[in-house]
Each structure stands twice: as structure tokens, then as C-alpha cells.
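>>> dropping the sequence and predicted coords here.
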Amino acid sequence: MTTIRLTMAQALLRFLDQQYISCDGVETKFVAGVMGIFGHGNVTGLGEALERSSGSLNFIQGKNEQGMAHAATAFAKQHNRKQIYACTTSIGPGALNMVTAAGTATVNRIPLLLLPGDNFASRQPDPVLQQLEAGHDYTISAADAFKPVSRFWDRIVRPEQLMTSALNAIRVLTDPAETGAVTLALPQDVQAEAYDYPASFFEKRVHYVERQQPAPQTLERAIALVKSKRKPMIVAGGGVKYSEATKALAEFAEKFGIPVSETQAGKGSLPWNHPLNVGGVGVTGALAANKVAKEADLIIGIGTRYSDFTTSSKSAFHPEAQFLNININRMDGAKLDGVALTGDAKTVILQLLEGLNAAGYSSSYADGQITALGTEWKNEVDRLYELEHPEGFAQTRALGVINETIGDEAVIVCAAGSLPGDLHRLWRVGQPKGYHMEYGFSCMGYEVSGAFGVALAEPERDVYAFVGDGSYLMLHSELVTSLQEGRKITVLLFDNHGYQCIHNLQRGHGSDGFGNEFRYREQSTGRYTGAPLPIDFAAHARSLGAAAYKATTPEELEQALKAAKEETRTTLIEIPVLAGTNTDGYESWWNVGVPAVSSSTKVTDAHQAMNEKLSQARVY
């Protein structure tokens, strides 16, 4: 047997450089490179290997561990999970900074390979700098925090363990049903230890992603179920995009006259102006979709995990409606007591189409009903896009200007605050990959990092990060990385002086408002009720090396967008918007839990209202 003597870190990189994924006959190099921030837990191990033995893997220097891991997640998502960046950090705080990003990737079913440094496997020296000492269990380190947010986790305490572990890591990362964060904890001494690895371990490996076929009996039951229903409705999730099933979905919906609603991850599965697209569904949904949902007798969920936002905390749908869940993941397929049709979304849609067509099926919506609902909602979006407010720049007006200016070729990225709700309801998407929303975790701080990851994946497209001032302050580090790498993004910063989305939620359930606005503390009250903090975000962006503009009116915003498009470097546009001018309602409800006991009657009244809604929601 031919062997190659390498350190464990060198062997890991050589292995990763030889992994490929094949889908529908198209072969793609799976690992594009490594993003990293070096510390004493990885600089002399994996760092040395990246410096001298990286092969064709590209290295990108991160600025914040969470930020670079978000960028890697966005990169993989924009590539429909067919290509990834790995992320490496030191031990201790450097590693723990990636835990949030690991949860974000796992919740969203996106492959993310994390390579945190770890304590010495030899336990010499002990304790090492940044070591987490658990007196009751000396095998525990900071890297153990990744276990609940990883789909696969391992610690490599001997160099030869890498072979089994690496193969399993790639197995999970390339499995559309199981993918998410994968964590390989790498003790800093083991990274530098040598081993005679079999040369065969470094041969090119192609991982074939085969489109899973549904079981014939289950398909027959699904066809019979649809045939028994008059008013089915489709909920298109992210799986429609990852399966590249958008054309199949359109053909299916058109053939049988079935309206299509969209989750945040699924938005763009149909063009916004398709006659059967009734828009977002659920808490942040459109009026058209939520009206259809209350009438539909069958919900056909395709590639959705049915979050509480999609289901309006299980109150969005008719109490007697049944569920047919098309999903590659069996857990998601079983939700809401649905009939699980396990398989690849595109494959299942086409087989359902064939079976229902042979049976002569058609839905029974009244003539013009879906068109009328769509027209009603289009008119409402037009109204909100033109809305003028006497006290300031309305957020919906700003979105209208942006939507009409940047064009269908652009990609927008968002994650948290009031913007996801407005975008889900109002944004008009022309292309499936033009809407990149992280709303599985709704992770504040994803926006700028995610936009960099998207620009890395599709450098030929204009990429816009939609971010509130709260999220921007939490995490904007990869703006600098975008400048360093020459991957331009445009950051649209909506400044409403605080966490106004949660402020609205708070006040909507009996509170007078507490702790959510960016104001000075008043000494007389001891609370944040003073004047708003005067933060100059445009000046901050300029100080980092970005171009920057400030737009306080629709005319200024349009001019700034056009100017930003001509810039060759990352650009930020600061947009002061009036708090509370976001959208809300449209026959939706969200169960957040309201106190049963309070000194405020407004709170107890809100609790009573919550109980009334709970009585109308499904219980499983």
C-alpha cells in the first residue's frame, strides 16, 4: 500500500480538495476553500497547512468568526448546497463565536463545515490558554458546545481518526435530507502530528446526489388524496429552490389550477406576477395567501419545515384541512399530522403531475377567484409602495423605490427585524435566486455577512444587504472582507433607532414599550426614554473604506441607488425611516406567550385575546 506522510491538518486539506458532488450529471467541486481567523489553536497546524499545502483551496481571511461562518452559509445556500467553504478558528472564544452560525446553518438545512481548534489531546500543557475546564468531565471543551447545533460532530484525537471522520463529515454535508452544520474539533497538538496516510484516501471522490424517488404506494395514496379535494393550496418552501424545481412547480400549478403560496425560503419559486402566485403565507404573509389558506381543504407543502411563521402558529389553515408534505427529510414530512411523501421535490412534483393528469384532475376554485385575490393584493402593495407619511420616510415607501430601481437581476439578502416581514409581503421577485432570506433562525447579523457570501458565489450580480440599524451594530465585520476581496456589496441600512420590530411586538401585547429603542438614558426615570442616539452610519462605513450615501427622501434614495450601482467597491446607503411604518396583520396571528398575571390590564387583556386565538389553532 502506497502511503503519504502528512500532518493531520495537511491531510485534511488534501482530502477536502478532492471532494466533488454530482447532480443530474453535472459535477461540481464541493469545497471551494477555507475561511479562517487564526489563533494559537489553529495557526501552527491548519494555518501552516493552508500556507504551504492548500492545493487549489482558496483562503479567505475572516474578521469575525460568526460573520465568516454566516458568509460560508450564504455561499452554500446561493449555490443550492452544491459548494461550500469550510471555516477554521482557534480554540475557546474564537470557536464559540461560530456556534450561532452553526445553529443558523442547521436550522436552514445548509451545509457548513466548521473546523475549530481544540485543547491538547495529550493534555500537556494543562490548562492551555482559553481552555474551558470542566471539573466533573475533563473530556469537555468549548467545542462540545457545537454538539446540539451540528448534524455531525467529532473530535480528532489521533491523526488516523481523520479518515473515518472526514468521510462521515462529507456524507452528511452532501446529503440533502441530513445536511447542516458539521463540526470537526481539532486538538491543536494533533493537527501537527504526522501519520502515514494511504494514498487512496486522497483520490478524487465524487458524491452522487441522486433524486430520491417516492415509494409507489405512497405516491398512489397522495394522488388519491389530492383527487378527493376541491381546493388544494401549495406552500412552496426552500426545498423547491434547492431541488431546482421551480419550472416543475409552475407546470404543476398551471395544469391543475392550484394557487401557490410561499415561505420566506421559498419566495421566488414563482415570479411575483404569475397568476397563481398568491404571495407569502402566514404571520408575514400576503392577504391573498392567507385568505386562500383559510378556505383550502388540502395544503400541499413542498420542501417546507412549517415554522410557526408559515403556519401562523398553526392557525393559518382551515381546521379541517389535510396536509400532503413533499419533503426529502422525513421529519419535516411528518409535521402537522400530514401524509408524508418522501422524496426529491422536483421528482415528486413531476410524478404527481403525471398521475393526476391521467386521472383528469382539476381544482374547483370559482372562475376568477385567484385572479381577483391577486389583483386585490397587487393594489395593496402599490398603495404601500407609494405611501407618504407626514412625519418621515415610510419604510414601505423606501422598499418601493428600491424594488423599482435595482432590477430583477439583483440579489437581496436579509434576515431579521421588521424588514423580513415587509419583504415577504411586498417584494416583487422576478428570479428564484434573487431573494435570499435567512428566516429559519432569523439571525441578527447575518445580513452583511450573508451578502458577502452571495457576492462570493455570484460575483457577476449586484448584491444588496437589507439590514436594520440593530443588526448592523451587532455584526458588520465582513463588510471589510468584501472590500479586501473585491466582492462588492451594497448595504441598505434602514435606521429606525432601535429594535423596532420587537418594540412593535411588545406594545402589541400590552407593554408601553421598554428597552428596545436606541435612546439616551434619562436620569429622572432611569430608562432609555431620552433623545435618539445620533449615529452617523454613512460616516462609519466611509471610515472602513466603503463608499457611502445618505437618503432621507424617495428622490434621494433613487439617486443614491443609481450612484451606488456605478461604484466599484462596497457601498452603504443610510436610510432613516420612521419607526412603525412597517406592515402588519393581513389575517395572521403569532403566538408569543403573554403573561397571565400583570399589574397592567392591557397585558391581561392581551393574554385573554391570546387564549381565544389558541382555541382556534391546531394542536398537532
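Perfect, I can see it now.
>>> my read is residue 75 is in a helix, agree?
Yes: Residue 75 forms part of a helix when assessed by DSSP: H, G, I helix; E, B strand; the rest coil.
>>> look up how far residue 40 lies from it.
27 Å (C-beta to C-beta, to the nearest Å). No exception for glycine: its C-beta is placed from N, CA and C like everyone else's.
>>> residues contacting residue 338?
Applying C-beta atoms under 8 Å, 6 or more residues apart in numbering, we find residue 338 in contact with 299, 301, 322, 323, 324, 325.
>>> so how far is residue 331 from the fifth one?
Relative to residue 331, residue 324 is positioned 16 Å away (C-beta to C-beta).
>>> same question for the first one.
Applying C-beta to C-beta, the value for residue 299 to residue 331 is 17 Å.
>>> who has more neighbours, these two?
residue 299 (26 against 10; other C-beta atoms under 10 Å).
>>> ok, the more buried one - contacts?
Applying C-beta under 8 Å, 6+ apart, the residues near residue 299 are 232, 233, 235, 293, 317, 321, 322, 323, 324, 336, 338.
>>> what packs against whatever helix or strand residue 255 lives in?
Taking DSSP states H and E as the criterion, residue 255 maps to helix 246-256. Judged by 3 or more C-beta pairs under 8 Å, 6 or more residues apart in numbering; DSSP states H and E, the packing partners of helix 246-256 are strand 232-236, helix 345-358.
>>> kindly recompute the last result at 10 Å.
If you count contacts as 3 or more C-beta pairs under 10 Å, 6 or more residues apart in numbering; DSSP states H and E, helix 246-256 packs onto strand 232-236, helix 238-242, strand 260-262, strand 298-302, helix 345-358.
>>> for the longest one, packing partners?
For helix 345-358, the elements it packs on are helix 216-227, helix 238-242, helix 246-256, strand 298-302, strand 322-327, strand 339-342, judged by 3+ C-beta pairs under 10 Å, 6+ apart.
>>> state the mean pLDDT of the shortest one.
Looking back up the chat, that one is strand 339-342. Regarding strand 339-342, the rounded mean pLDDT is 97.
>>> how about the CA coordinates for it, as CSV?
Provided in CSV are the C-alpha atoms of strand 339-342 (Å, rounded to 0.1, in the frame of the first residue of the first chain):
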residue,chain,number,x,y,z
VAL,A,339,-49.3,12.5,4.7
ALA,A,340,-45.5,12.3,4.1
LEU,A,341,-44.4,11.9,0.5
THR,A,342,-40.7,11.4,1.0
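>>> that strand pairs with which strands, and in what direction?
Each strand that pairs with strand 339-342, with its direction, by DSSP bridges: strand 322-327 (parallel).
>>> off-centre distance for the partner strand?
In terms of C-alpha atoms, centre = their mean, to the nearest Å, the centre of strand 322-327 is found 22 Å from the chain centre.
>>> who's in contact with residue 149?
For residue 149, the contact set (C-beta atoms under 10 Å, 6 or more residues apart in numbering) comprises 98-107, 112, 114, 180-181, 183, 441.
>>> quick check, pLDDT for it.
pLDDT, residue 149: 98.
>>> what of residue 167?
On pLDDT, residue 167 comes in at 98.
>>> could you pick out the longest helix of this protein?
Identified as the longest helix of the chain according to DSSP state H is helix 369-385.
>>> tell me how far residue 131 lies from residue 44.
Between residue 131 and residue 44 the computed distance is 17 Å (C-beta to C-beta).
>>> could the helices and strands packed on helix 345-358 go into a markdown table alongside distance to residue 379?
Converted to a markdown table, those look like this (distance: least, C-beta to C-beta, whole Å):
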| stretch | distance to residue 379 |
| --- | --- |
| helix 216-227 | 32 |
| helix 238-242 | 27 |
| helix 246-256 | 23 |
| strand 298-302 | 26 |
| strand 322-327 | 31 |
| strand 339-342 | 36 |
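>>> select, out of those, the one closest to residue 158.
Taking C-beta to C-beta, helix 238-242 is the member of the helices and strands packed on helix 345-358 nearest to residue 158, at 36.0 Å.
>>> in that closest one, what counts as buried?
By 16 or more other C-beta atoms under 10 Å, the buried positions in helix 238-242 come out as 238, 239, 240, 241, 242.
>>> got it, and stretch 361-368?
Of the residues in stretch 361-368, 361, 363, 365 count as buried by neighbour count, 16+ other C-beta under 10 Å.
>>> gap between the second one and residue 340?
Read it as residue 363. Separation of residue 363 from residue 340 (C-beta to C-beta): 22 Å.
>>> next: the first one.
When C-beta to C-beta is applied, the distance between residue 361 and residue 340 equals 21 Å.
>>> which residues does the residue nearest to the spatial centre of the chain contact?
A centroid search over the chain (C-alpha atoms, centre = their mean) returns residue 438, at 2.3 Å, as the residue closest to the centre. Counting by C-beta under 10 Å, 6+ apart, residue 438 makes contact with 70, 73-74, 77, 104-105, 107-108, 110, 264-265, 413-416, 420, 446-447, 449-450.
>>> list phi and psi for residue 48.
According to degrees, to the nearest 10, the main-chain angles of residue 48 amount to phi -60, psi -40.
>>> grab the nearest non-local neighbour of it.
Among residues not flanking residue 48 along the chain, residue 9 sits closest, at 7.0 Å (C-beta to C-beta, 6 or more residues apart in numbering).
>>> so where does the one you found fall, helix or strand?
Assigned by DSSP H and E, residue 9 belongs to helix 8-16.
>>> could I have that helix exported to PDB, CA atoms only?
C-alpha atoms of helix 8-16 as PDB (Å, rounded to 0.1, in the frame of the first residue of the first chain):
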ATOM      1  CA  MET A   8      -3.300  15.600  10.200                       C
ATOM      2  CA  ALA A   9      -4.000  19.200   9.100                       C
ATOM      3  CA  GLN A  10      -2.300  18.700   5.800                       C
ATOM      4  CA  ALA A  11      -4.100  15.500   5.200                       C
ATOM      5  CA  LEU A  12      -7.500  17.200   5.900                       C
ATOM      6  CA  LEU A  13      -6.900  19.900   3.300                       C
ATOM      7  CA  ARG A  14      -5.700  17.400   0.700                       C
ATOM      8  CA  PHE A  15      -8.800  15.300   1.300                       C
ATOM      9  CA  LEU A  16     -11.200  18.300   1.100                       C
END
